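1. model the structure of this input:
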Amino acid sequence: MKIDSTFPTSRRGYLSQSELEQFANINIIDSDEADDVISQAEELIDNYVKRANKFINRNYTGVADNGTTTTLTDSLLDNLAENFFSGCELEIVGGINAGERRRITTSKDGVLTISQAFFSAIDDTSAYKIFQLGLFPRYQDVFYKSGVYYKSIPEAIKRATAAQVEFIIDKGDEYFSGPTDYTSEQIGDYSYTRKLAGEESMIAPKAKMFLKGFINRVGILEVENPTNLF
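-> You can find the predicted model right below:
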């Protein structure tokens, strides 16, 4: 089946509405509501995965030279290749438009273009912060060619997000707004008792299948004589 994928408009940009309709067989009626649910699913997926080798793994800060309602220009970003910041968040932390946050669609020659206009035109008082909100794309999901960065979200993450959207819709608001200590679940005629409660109980079983290999568990190295490590 052909996947007609358009630019995602959810918070982390993991899944477009077109992909959701095909992966989860969901008919979207309200676009804004769909983005809200996709965004919630993305956040839960990230909380479950916990850690990843993010492409943009630190914050970039500065003060704009100038701009418009849809662009921010800073000559200090000239040395970064085209679309290095695409998909990242641009948050204005001081000056004109302070407190506003938008997604960067393109970046080139020190000019950042955003997905939705600021209330006022950016000027030289606009202090900003750039960061990658989600765990994806990872470093290995990005390639560089002829001065341009190209980014993608792994297929398994897209499908896990779609499965999580289905789970959210099936369980309803009460499940996700209530306590997170549920220990059992029933899907049709099938039911089981969870070994885990807490936040993991909020992840769709189908999504967990897609997320195998993505979970980065944090361990503790214990040795009798740590000085032997040096």
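
2. buried ones in the longest helix seen in the chain?
-> In terms of residue count, the longest helix belonging to the chain (DSSP state H) is helix 31-49. Going by neighbour count (16 or more other C-beta atoms under 10 Å), the buried part of helix 31-49 is 34-35, 37-46, 48-49. The way it works is simple: take the backbone N, C-alpha and C, and place the C-beta from them, glycine included.

3. with distance to residue 61 and pLDDT as added columns, please give the residues you listed in TSV.
-> Below are the buried residues of helix 31-49 laid out as TSV (distance: C-beta to C-beta, whole Å; pLDDT from 0 to 100):
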residue	distance to residue 61	pLDDT
34	33	96
35	28	96
37	32	96
38	29	97
39	25	97
40	29	96
41	30	97
42	25	97
43	24	96
44	29	95
45	28	96
46	23	96
48	30	94
49	26	94
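
4. show me the helices in this structure, by range?
-> Under DSSP H, the chain gives helices at 17-23, 31-49, 155-171, 173-177, 205-210.

5. can you map out the strands along the protein?
-> 60-63, 66-67, 71-73, 89-94, 101-108, 111-114, 127-131, 142-145, 148-151, 184-187, 190-193 (DSSP state E).

6. minimum distance to residue 17: which of the ones you listed has it?
-> Ranking those by their distance to residue 17 (criterion: C-beta to C-beta) puts strand 101-108 first, at 15.4 Å.

7. average pLDDT for that closest one?
-> Averaging pLDDT along strand 101-108 yields 97.

8. helices or strands up against that strand?
-> Judged by 3 or more C-beta pairs under 8 Å, 6 or more residues apart in numbering; DSSP states H and E, strand 101-108 is in contact with strand 89-94, strand 111-114.

9. for the protein, what are the low-confidence residue spans?
-> 1-4, 178-199, 216-230 (pLDDT under 70).

10. could you chop it up by domain?
-> Structural domains assigned to the chain are 17-52+157-210, 60-131, following automatic domain parsing.

11. now those domains in TSV, with distance to residue 9?
-> Below are those laid out as TSV (distance: least, C-beta to C-beta, whole Å):
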stretch	distance to residue 9
domain 17-52+157-210	5
domain 60-131	8
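
12. any idea which of the ones you listed is most buried?
-> domain 60-131 (a mean of 18; mean count of other C-beta atoms under 10 Å).

13. dump the helices and strands packed on strand 101-108 to CSV, plus distance to residue 169.
-> Formatted as CSV, the helices and strands packed on strand 101-108 follow (distance: least, C-beta to C-beta, whole Å):
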stretch, distance to residue 169
strand 89-94, 27
strand 111-114, 30
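
14. relative to residue 76, which of those is closest?
-> strand 111-114 (11.9 Å).

15. the closest one packs against which elements?
-> Right, strand 111-114 is packed against strand 71-73, strand 101-108 by 3+ C-beta pairs under 8 Å, 6+ apart.

16. now do the contacts for residue 162.
-> 15, 19-20, 23-24, 41 (C-beta atoms under 8 Å, 6 or more residues apart in numbering).

17. cool, residue 14 as well?
-> Contacts of residue 14 by C-beta under 8 Å, 6+ apart are 8, 38, 42, 45, 134, 136, 153, 157-158, 161.

18. quick one on the thing from earlier: to residue 177, which of the strands of the chain lies closest?
-> Short answer: strand 184-187, nearest of the strands of the chain by C-beta to C-beta, at 17.0 Å.

19. okay, the strands of the chain in JSON lines with distance to residue 172 next?
-> Shown next, in JSON lines, are the strands of the chain (distance: least, C-beta to C-beta, whole Å):
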{"stretch": "strand 60-63", "distance to residue 172": "40"}
{"stretch": "strand 66-67", "distance to residue 172": "43"}
{"stretch": "strand 71-73", "distance to residue 172": "40"}
{"stretch": "strand 89-94", "distance to residue 172": "30"}
{"stretch": "strand 101-108", "distance to residue 172": "29"}
{"stretch": "strand 111-114", "distance to residue 172": "34"}
{"stretch": "strand 127-131", "distance to residue 172": "32"}
{"stretch": "strand 142-145", "distance to residue 172": "37"}
{"stretch": "strand 148-151", "distance to residue 172": "34"}
{"stretch": "strand 184-187", "distance to residue 172": "13"}
{"stretch": "strand 190-193", "distance to residue 172": "18"}
